[in-house]
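A.B. asks: Give me coordinates for this.
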Amino acid sequence: MSHPLPTIFVIDDDASVRKALTRLLRAAGMEVRVCASAQAYLDQFDPDLPGCLILDLAMPVISGLHLQDELAARGNAPPIIFLSGHALIPDSVQAMKHGAAEFLTKPVDGQTLVGAVLSAVDKDRVERRTRAELADIRRRFATLTARELQVLGCVIAGKLNKQTAAELGTVEKTVKVHRAHIMEKTQAQSLAELVQLATRAGITSLPRH
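C.D. replies: Residues are numbered from 1 along each chain as shown. Okay, here's the model as predicted:
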């Protein structure tokens, strides 16, 4: 299965800026798409498409900061490199606090921008890999039966097989069978790894009755 190439979206209402940035980025071997407005980008937004945004801060109707917030609400937002015609400290602080990869002022140095884009694309790659790993871990835990989840709760609480059996009203041999199934389904190689995987999946405690 082929994976889409990282795509750099240039979102700016100034046609000359779009043209200049497109030329610069394509010369650096990058895949580039342009949008004249934030809405134009939202109309084609694809969370599965890797890459990053080069986003103008001040645009009519939907500003760069508003687009940032909208993408954050949708989830899996790509990294954003903001461009601004003025060094507006409050805006830059807000953008960075909300997760922007970089905040640069116009006219931007070409080498600086290309470097920022490469860093943002790398950040996006790492975040996507992390999300994929987490989704896979959660899928594994979703295969556990209700009884196995009860046993898992005891494991997380540090209960021994004998204690788990007494708590769940069963025998130790049955608990061992459930634990073996849990290890197999979650693909955990050790008890410590099982607890780590459960923590990554957001499972820190479970009802045991």
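
A.B. asks: all strands of the protein, in order?
C.D. replies: Per DSSP state E, the chain carries strands over the ranges 7-11, 31-35, 51-56, 80-84, 102-105.

A.B. asks: Would you mind listing the buried residues in the shortest one?
C.D. replies: Of the residues in strand 102-105, those buried under the neighbour-count criterion (16 or more other C-beta atoms under 10 Å) are 102-104. From N, CA and C alone the C-beta is placed, and that goes for glycine too.

A.B. asks: Point out the other helices and strands that that strand packs with.
C.D. replies: Using 3 or more C-beta pairs under 8 Å, 6 or more residues apart in numbering; DSSP states H and E as the contact criterion, the elements in contact with strand 102-105 are strand 80-84, helix 89-97, helix 110-142.

A.B. asks: What lies in contact with the second one?
C.D. replies: Among residues not part of helix 89-97, those counted as contacts by C-beta atoms under 8 Å, 6 or more residues apart in numbering are 57, 64-65, 68, 80, 82, 84, 103.

A.B. asks: Drop anything exposed from those.
C.D. replies: 57, 64-65, 68, 80, 82, 84, 103.

A.B. asks: Could you export those to JSON lines, including columns for distance to residue 28 and pLDDT?
C.D. replies: As requested, the buried ones among the contacts of helix 89-97 are arranged in JSON lines below (distance: C-beta to C-beta, whole Å; pLDDT from 0 to 100):
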{"residue": "57", "distance to residue 28": "23", "pLDDT": "90"}
{"residue": "64", "distance to residue 28": "23", "pLDDT": "91"}
{"residue": "65", "distance to residue 28": "27", "pLDDT": "92"}
{"residue": "68", "distance to residue 28": "24", "pLDDT": "94"}
{"residue": "80", "distance to residue 28": "19", "pLDDT": "96"}
{"residue": "82", "distance to residue 28": "19", "pLDDT": "94"}
{"residue": "84", "distance to residue 28": "22", "pLDDT": "89"}
{"residue": "103", "distance to residue 28": "20", "pLDDT": "91"}
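
A.B. asks: residue contacts, the most far-flung residue of the chain relative to its centre?
C.D. replies: What lies farthest from the middle of the chain is residue 171; by C-alpha atoms, centre = their mean that is 42.6 Å. For residue 171, the contact set (C-beta under 8 Å, 6+ apart) comprises residue 165.

A.B. asks: now that we're looking at it, how far away is residue 7 from it?
C.D. replies: 57 Å (C-beta to C-beta, to the nearest Å).

A.B. asks: for residue 180, same thing?
C.D. replies: Taken as C-beta to C-beta, the span from residue 180 to residue 7 is 45 Å.

A.B. asks: Who has more neighbours out of the two?
C.D. replies: Here residue 180 and residue 7 are set side by side on neighbour count (other C-beta atoms under 10 Å), and the busier one is residue 7, at 17 against 10.

A.B. asks: you'd agree the more buried one is up against residue 35?
C.D. replies: No: counting by C-beta atoms under 8 Å, residue 7 does not reach residue 35; the two are 11.6 Å apart.

A.B. asks: what sits against residue 189?
C.D. replies: With C-beta under 8 Å, 6+ apart, residue 189 has these contacts: residue 183.
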